[in-house]
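**Student:** quick one, what's the 3D model for this:
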Amino acid sequence: MTVTQSLSGRVALVTGNSTGLGRAIGLALGKAGAKVPVNYANNQQRAEAALEEYRQAGIDTLLIQADVTTQQGVDQLVGAIEDAWGAVDILVPNATCEQPLKPIEEYDWDFYQRMLDFFIKSPFLLTKRTLASMKRQQWGRIINITSEVYHRSVSPFSAYVAAKGGQIGWSRSMSQELAPHGITVNMVAPGWIPVERHEDDPQEMKDEYRALIPAGRWGVPGDVAEAVLYFASDAASFVTGQTLCVNGGMTPW
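**Tutor:** Model prediction:
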């Protein structure tokens, strides 16, 4: 690890980091020196297992249950972090929900709204809640986890793609607004990287996607975590409004 990658003294909030990509991201930031809480919404047993993994890695951590799609949940989460460690320096909105592929006729607006709540409302609420301290110190990192689905126009997946497109547009606008305050806003766009929630996905679907990856292998959560670590570090202090696609060459444009 280089000096510019060290996050010693920083506080990093990665939402939904008890499993999957979020867990890997939190571990990477913590191993770089940041204090990282484990945030979860429902599965306490899984969250406690993640908490133990963080502690075994030597990371300063704590467990916080909160629904980050609500103002009350965001206030509860950020307030607990501030009471324990002080202000949040690095924000990674990562929490997600189910993502079924369906023809548009089979979606309803409630599901579309659920997508918007996770990928636009939650990043907005989290950013607004943590922004004052970032502005005071003239340093901050906001890293949104977007997706290749927007760039590849994946279908039938309209609800998720629409929400991710909105998240991308919001991130770009925020990058311009916050740059004068020493705050960067960037995006990491993973391809399909199988994690726990993909265990029951059809093998045929997995095989079809795997055959398309130019790099010739599946991505792993650590690939995404390293991209987030770069954006979080001082090495990326002059980089903002950018998307780093982590998908083995699936979007070479």
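**Student:** can you give me the buried ones in the host helix or strand of residue 124?
**Tutor:** Under the criterion of DSSP states H and E, residue 124 resides in helix 122-137. Neighbour-count burial for helix 122-137, counted by 16 or more other C-beta atoms under 10 Å, picks out 122, 123, 125, 126, 127, 129, 130, 131, 133, 134. Placement of C-beta: from N, CA and C, glycine included.
**Student:** how close does the first one get to residue 60?
**Tutor:** As judged by C-beta to C-beta, to the nearest Å, residue 122 and residue 60 stand 24 Å apart.
**Student:** from the buried residues of helix 122-137, pick the one nearest residue 171.
**Tutor:** Nearest to residue 171, judged by C-beta to C-beta, of those is residue 123 at 7.7 Å.
**Student:** which non-adjacent residue is nearest the closest one?
**Tutor:** The shortest distance from residue 123 to any non-neighbouring residue, by C-beta to C-beta, 6 or more residues apart in numbering, is to residue 93 (4.2 Å).
**Student:** run through the chain and note the low-pLDDT ranges.
**Tutor:** Judged by pLDDT under 70, the chain has its weakly predicted residues at 1-4, 198.
**Student:** mind listing residues that contact the helix holding residue 124?
**Tutor:** Applying C-beta atoms under 8 Å, 6 or more residues apart in numbering, the contact partners of helix 122-137 are 13, 15, 68-71, 74-75, 78, 87-89, 91, 93, 95, 140, 142, 144, 167, 170-171, 174, 178, 181-183.
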